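Novice: when you get a sec, could you give me coordinates for this:
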Amino acid sequence: MENDKFAADLKAFLEERNFPPDDRMDVTVHMAQFKDIVTGVELPITFDINIKSGSFKFSTVVTQSAIDHFVETIVQVCYINKQKKLDESEQAVM
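Specialist: Numbering: from 1, shown residues only. Below you'll find the predicted structure:
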C-alpha cells in the first residue's frame, strides 16, 4: 500500500493537517522511577493506554498506590479539567 498513489496522497493530506496517519490510538508510557507515596518504594513503571477504547494496562509490576495515582490522574485530566473548561466557555458566552 506504500506504493499506492491514493494511499500516499491520503497520508500527505493527513500529515499536512497534523493528523498522524500511522496513529493506532495506543500510547506506551514509561516512567523510569515512580516513587510510591505510601511505601516510599521507587520502581520503574510501564503502561499502555488505548485512547480509542479508554482502556489501560500496566506492563510491569506496580503497587496499589501507583494504580490509584494513575486512575486519579486520568479522572482529573479527562473529567474535572474538561468540565472546568466547559464551565469557563459557558460563562464567557453569557
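Novice: off-centre distance for stretch 86-94?
Specialist: Stretch 86-94 sits 26 Å away from the centroid of its parent chain (Cα atoms, centre = their mean, to the nearest Å).
Novice: same deal with stretch 61-81?
Specialist: Distance, centroid of stretch 61-81 to centroid of chain: 12 Å (Cα atoms, centre = their mean).
Novice: how about it, which residues are buried there?
Specialist: The neighbour-count check on stretch 61-81 (16 or more other Cβ atoms under 10 Å) flags 62, 63, 66, 69, 70 as buried. In this view, the C-beta of every residue, glycine as well, is placed from N, C-alpha and C.
Novice: switch those residues over to TSV; also include pLDDT, distance to residue 84 and secondary structure.
Specialist: TSV is the format used below for the buried residues of stretch 61-81 (pLDDT from 0 to 100; distance: Cβ to Cβ, whole Å; DSSP: H, G, I helix; E, B strand; the rest coil):
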residue	pLDDT	distance to residue 84	secondary structure
62	89	29	coil
63	89	30	coil
66	88	26	helix
69	87	21	helix
70	85	21	helix
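Novice: now, which of those sits nearest residue 5?
Specialist: Nearest to residue 5 among the buried residues of stretch 61-81 is residue 70, at 43.7 Å by Cβ to Cβ.
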